[in-house]
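**Q** Please find the sequence and the predicted model below.
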Amino acid sequence: MRTNSRLSSAILLLLAAFVSPAVADPPHFASVRRDQAFLREGPSYDHRVLWVYQRKDYPLRVIESYDAWRRVKDVDGTVGWMHHTQLSDTRTVLFVGAAKSIMRAGAAPSSKIVAFAMPGVVARLKACKPDVCEVETSGVDGWVDRKTIWGVDAGEVFQ
C-alpha cells in the first residue's frame with residue numbers, strides 16, 4: 001500500500017510538470033523569424049490579431065511565457081502574444097531617434113566613420129561594450145552609440 005502512495009505522488013508531480021503551462025524565462029530580446037508575424041491579444045490562435053509585423057529580424061522584448069506563447073513588447077511599447085515559432089533567438093537592434101546614426105570602424109569615438117544608419121534600420125547585434133555596440137547591416141560592420149539603438153539591455157556587455 002505504501003508503494004502505491006509513493007507511485008501516486010510521483011505520477012501527480014509528473015503530471016503537474018507537464019500540465020503547468022507557465023515557463024519562467026527571464027525577460028530577453030528576440031527577433032521576428034519570418035517576413036510576417038502575428039501579434040495577438042492573448043496566448044492562443046483564438047485571440048484577435050492586434051498587429052502584423054512584416055519585417056524579418058525586427059527586435060522584440062520577450063517579457064513573459066505561457067506554454068508555447070511569448071508575451072512581447074516592441075520599441076513603441078505595444079504588447080501582445082506571439083507563438084514561439086514566430087520568434088528567433090537571433091539578436092538584432094533597431095536604430096531609433098530622429099536623425100541618422102554614425103557607424104564607426106572601431107569602438108573609439110575618434111574611429112573612422114564607415115556609414116550612417118537612418119532611424120528604423122534593423123541591424124544584427126554582434127557585441128556590446130558599456131557605451132557602444134558592434135552591429136552589422138547591409139554588409140556594413142560598425143560600432144554605434146548604444147543610445148541610438150533599441151534591442152539591448154542597459155549594462156549588457158558581451159563579445
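**A** Looks like it arrived, so ask away.
**Q** Surely residue 85 is in a helix?
**A** Yes - assessed with DSSP: H, G, I helix; E, B strand; the rest coil, residue 85 lies in a helix.
**Q** for it, what are its contacts?
**A** By C-beta atoms under 8 Å, 6 or more residues apart in numbering, the contact set of residue 85 is 33, 68. Where you see a C-beta, it was placed from the backbone N, CA and C, and this is true even at glycine.
**Q** what's the spacing between it and residue 30?
**A** Going from residue 85 to residue 30 by C-beta to C-beta, to the nearest Å gives 12 Å.
**Q** Next up, the contacts around residue 141.
**A** By C-beta under 8 Å, 6+ apart, residue 141 lies in contact with 114, 126, 134, 135.
**Q** Which stretches in this structure count as helices?
**A** Taking DSSP state H as the criterion, the chain carries its helices at 2-19.
**Q** What is the least confident helix or strand in this structure?
**A** helix 2-19 (a mean of 41; mean pLDDT, DSSP states H and E).
**Q** which regions of the chain lie under the pLDDT threshold?
**A** 1-24 (pLDDT under 70).
**Q** 50 instead, please
**A** 1-23 (pLDDT under 50).
**Q** Good, we can wrap up now.
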